[in-house]
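Trainee: output the structure for:
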Amino acid sequence: MTTFTPSTAAEVLFTVQWAAAEESPLEILGHGSKRGIGRPLQTEHTLDLSKLTGVTLYEPAELVLSAKAGTPLAEIESLLAENGQQLAFEPLDYGPLLGGEPGRGGKAGTIGGVLATNLSGPRRLKAGAARDHILGISAVSGRGEAFKSGGRVVKNVTGYDLSKLMANSWGTLAVFTDVTFKVLPSAETEVTLAIRGLLDDRAAAAMALALASSAEVSSAAHLPERIAARVSGGSLGSDAATLLRVEGFGPSVAYRIATLKDLLGNAGPLEEISGEASHTVWRDVRDCAPFADGSEKPVWRVSMAPAQGHQMVLALRMQAAVDAFYDWQGGLIWLRMQQDDPEAGLLRGLVRQYGGHATLVRAAPSHRASVPVFEPQAPQLAALSARLKAEFDPKNILNPGRMTPAAGSATLSPENEGAAR
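Mentor: Predicted coordinates:
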C-alpha cells in the first residue's frame, strides 16, 4: 500500500490525476478520526491530507476564515476562541465514540473533514450544520480536474452551489484542498435550564413548548434516567435531565431563563447550570459521551421529526434491548444496541414506519460490511446520486464503496438531499 502525503494543492491534483489515469482507487484521509464510519474500504493507496495545513485567511471583522483542508479543527477553534469567535454549528468530535481520546492531541479531525461529513452539534437547531456556513471551496474531482465554488463572501455564490453539494459526500465526489467558512461571535453568557425526572414523552412536550416560546433556546436535549450520569463526570446525577440551553448577553439570558422557568415550572424540578459546567454538559451531549465506552456495540444516529422520535424508541424497546438519548429537541436520537443483527433490520423498518433516516456510526468491521451503513436511498435520489458520481468521479477512484457497496452508486446521504435539488 502506498500513502501519498501532499502538502500543496498542486500535489493533490497530480496524485488524483495519476490515480484516475491508472484507475487506482484512493482512500481519502485527514486525521482518520471518522475512518470507522461507513463501509470498510479496500483500496491499494491512501491520499493523506494531514500535511496540507495552514490558515490562509482570517479576517475577524469580516467573520470569514479560509484554511487548507488538512488543517486541524482544534487549531482553528483555538484561533477563533482567541478572538471571541466560533464555528457556530459546533462540530462534534467522533474520537471518543470510535475508541480514540477527546481531541486526540489536536487531531480530532480536519476542517476539510468537517465539511465532507457535514458535522454539527446541539446548536444545529439554531445555527444549522457545516453546509450552512461554508462560503467556498477549492477541490479536485475524481476526473483529476481542479475546480472552485463560491468565494469569501456569500454574494460570490452564483449558479450551482457546489460547496453545499459536497457536504456529507464523505470524500466520494472530490478531494478538498481549501475551504472558506463563515464564523460568528461566541456567546457572552451560557446558561442551561435542566428539568429533572421527565419520561421521554413528557420531555418531548416540554422541549417543544420551550422551542415555541420567545426564550430563543439554542439547544434542547433529553437524557433519560441513568444516561444523565454518563455526562459531565456524573455531576448531573442519575435522574433524567431535559436540557434547554440559552445563550447571548447576560441580561438577555437571565430574562429568557426566567421566561422558561415561568413556562415550565409545573413540568418538574428545575436546575440552572451555568458557564463552564453548562459548556461541559453540551460537549458531552455533542460527542455522544454516554456511549463512548470503548466497546464495539453498535451505535446508530437517527434523524426524524421530534414528535416521532420518542415513539419510535418506545416501539424499538418493545422488541430489543437498547439505550437511547435525544438531541435537537428529540429530532436526533443516539441509540446503542446490545447486539448486531437482527436489531439493524428492526431499526430500519421502524425508521421507515415513522419517517426519517439512520446511520450506523459505530460497529465491528464485519457488521459494517454486512449492513447498509447509510440510509438506503429512494430510487429517484439513487439515480440522481449515480449521475453526480458519474460526473465527478466516473472511474470510481475516490473512497469507493464507503457509502454503498455498488460501484458508482449513491454518493449523497439523506441529510443532504436538499443540496442536490
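Trainee: residues in contact with Ala344?
Mentor: Applying CB atoms under 8 Å, 6 or more residues apart in numbering, one finds that Ala344 lies in contact with 298, 337, 360, 367, 371. For the C-beta atoms, the positions are set from N, CA and C on the backbone; glycine is no exception.
Trainee: 7 Å instead, please
Mentor: Listed by CB atoms under 7 Å, 6 or more residues apart in numbering, the contact partners of Ala344 are Val371.
Trainee: now do the SS call for it.
Mentor: Each residue gets one of three states, and Ala344 gets helix by DSSP: H, G, I helix; E, B strand; the rest coil.
Trainee: any idea how far the residue nearest to Val12 when sequence neighbours are not counted is from Met337?
Mentor: Distances taken as CB to CB, 6 or more residues apart in numbering put Pro6 closest to Val12, at 4.6 Å, once the chain neighbours are dropped. As judged by CB to CB, to the nearest Å, Pro6 and Met337 stand 39 Å apart.
Trainee: circling back to that earlier point, number of nearby residues for the residue nearest to Val12?
Mentor: For Pro6, the count of nearby residues is 21 (other CB atoms under 10 Å).
Trainee: Ala369 sits in which helix or strand?
Mentor: Per DSSP states H and E: Ala369 is located in helix 365-370.
Trainee: check which element follows that helix along the chain.
Mentor: In N-to-C order, the element after helix 365-370 by DSSP H and E is helix 379-392.
Trainee: in a strand, that's where Thr177 is, yeah?
Mentor: Yes. Assessed with three-state DSSP, Thr177 lies in a strand.
Trainee: can you tell me how far it sits from Gly113?
Mentor: 13 Å.
Trainee: over to Asp327?
Mentor: 21 Å.
Trainee: cool, and Pro6?
Mentor: 16 Å.
Trainee: and for Gln42?
Mentor: 21 Å.
Trainee: among those two, which residue is more densely surrounded?
Mentor: Shown here are Gln42 and Gly113; by other CB under 10 Å, Gly113 has more neighbours (28 against 10).
Trainee: how many neighbours does the spatially closest residue to the more buried one that is not a sequence neighbour have?
Mentor: Excluding its sequence neighbours, the residue lying closest to Gly113 (CB to CB, 6+ apart) is Gly30, at 4.3 Å. Gly30: 28 surrounding residues under other CB under 10 Å.
Trainee: quick one: Gly30 and Thr71 touch, right?
Mentor: No. If you go by CB atoms under 7 Å, Gly30 and Thr71 don't touch, sitting 9.3 Å apart.
Trainee: show me the residue at the heart of the chain, geometrically.
Mentor: What sits nearest the mean C-alpha location of the chain, by CA atoms, centre = their mean, is Leu119, with 2.9 Å.
Trainee: mind checking which helix or strand it is in?
Mentor: Going by DSSP H and E, Leu119 is not part of any helix or strand.
Trainee: cool, Val302 as well?
Mentor: strand 299-303.
Trainee: quick check: which ranges of the stretch 251-400 of the chain have low pLDDT?
Mentor: 341 (pLDDT under 70).
Trainee: what is whichever strand or helix holds Leu135 packed up against?
Mentor: Using DSSP H and E, the element containing Leu135 is strand 134-141. Under the contact definition 3 or more CB pairs under 7 Å, 6 or more residues apart in numbering; DSSP states H and E, strand 134-141 sits against helix 9-22, strand 146-150, helix 162-166, strand 174-182.
Trainee: between these, which one is nearest to Ala289?
Mentor: Set against Ala289 and scored by CB to CB, these come closest in strand 174-182, at 25.5 Å.
Trainee: what's that closest one in contact with?
Mentor: Contacts of strand 174-182 (CB under 7 Å, 6+ apart): 9, 12, 16, 28, 47, 52, 56, 63-69, 87, 111-112, 115-116, 133-142, 152, 166, 392, 398.
Trainee: surely Leu92 touches Pro122?
Mentor: No. Taking contacts as CB under 7 Å, Leu92 lies outside contact range of Pro122: 8.9 Å.
Trainee: understood, closing this out.
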